[in-house]
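Participant: Sequence plus predicted model, see below.
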Amino acid sequence: MRLAQTVRLGAWILIGLNLLMAFGSIWVFIRMAPAIEVIIEQNERSLQACETMLASLAMADNPEMDITRLQASFAAALKNAQNNITEKDEPAALDAIDQDYAGAFKKDAAARTRTVEAILRLGEINRDAMVRADKKARQLGNAGAWGVVFMASLVFLTGMLFLRALKKNLVMPLEEIDTVLTAHQRGDTLRRCTGPRLPKDVRRVFNNVNAFLD
């Protein structure tokens, strides 16, 4: 029957929309995870290098500290930052640090000032990159959330239309048949199945029931 095909089609559409919404949500979270990973792994490494370089410079004024060891620690942190370039402005700041840090450990005030300024600039570059990456991740999350809301609304609307069609084409005709058969059992032999704008399949069933009662 065409009515049965319509019911099956409506049910499959609802199932398909629910699956589409589920896979869409998974896709959004899969896209967000790498963005957050970039924030943590790439820029955090450079900020850690900046902290190590500033700490080494700060402790260089302490006569009890091993200046050679501090300078080696500074060089190692600088190397880590040079191997973790993710922003276009980082090379200039790293070159400035590389050029002046040796003088900074030799008590050259001007070289130390330039080195500290370059380290601070490097940290600012990475913090700005983290803010941009975080903003991008939040925008993606918001877009995904609204996408899920849209899909949920579409599923709700489709479900309401499906229920309305099911009630009109299946539930109400069954109630009409039950009413007619019950009336016939109670002695009302003239009651017949009727209804406005009936689907072709339902009208055929009504005609068969009415013919049986005749």
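Facilitator: Everything's here; your move.
Participant: Name the helix or strand for the residue nearest the centre of the chain, please.
Facilitator: Nearest to the mean C-alpha position of the chain, by Cα atoms, centre = their mean, lies Val28 at 2.9 Å. Using DSSP states H and E, Val28 falls within helix 2-38.
Participant: tell me which strands and helices the following helix or strand past that helix is in contact with?
Facilitator: Counting by DSSP H and E, the next helix or strand C-terminal to helix 2-38 is helix 44-59. Secondary-structure packing of helix 44-59 (3 or more Cβ pairs under 8 Å, 6 or more residues apart in numbering; DSSP states H and E): helix 67-82, helix 90-105, helix 109-166. (Each C-beta comes from the backbone N, C-alpha and C, glycine too.)
Participant: returning to that earlier point: what's the closest non-adjacent residue to the residue nearest to the centre of the chain?
Facilitator: Nearest residue to Val28, sequence neighbours excluded (Cβ to Cβ, 6 or more residues apart in numbering): Gly144, at 3.0 Å.
Participant: same thing with Pro199?
Facilitator: Pro199 sits nearest to Asn169 (Cβ to Cβ, 6+ apart), 5.3 Å away.
Participant: go on, Met151?
Facilitator: Met151's closest residue in space is Met21 (Cβ to Cβ, 6+ apart), at 3.9 Å.
Participant: show me the contacts for the one you found.
Facilitator: Val148, Met151, Ala152, Val155 (Cβ atoms under 8 Å, 6 or more residues apart in numbering).
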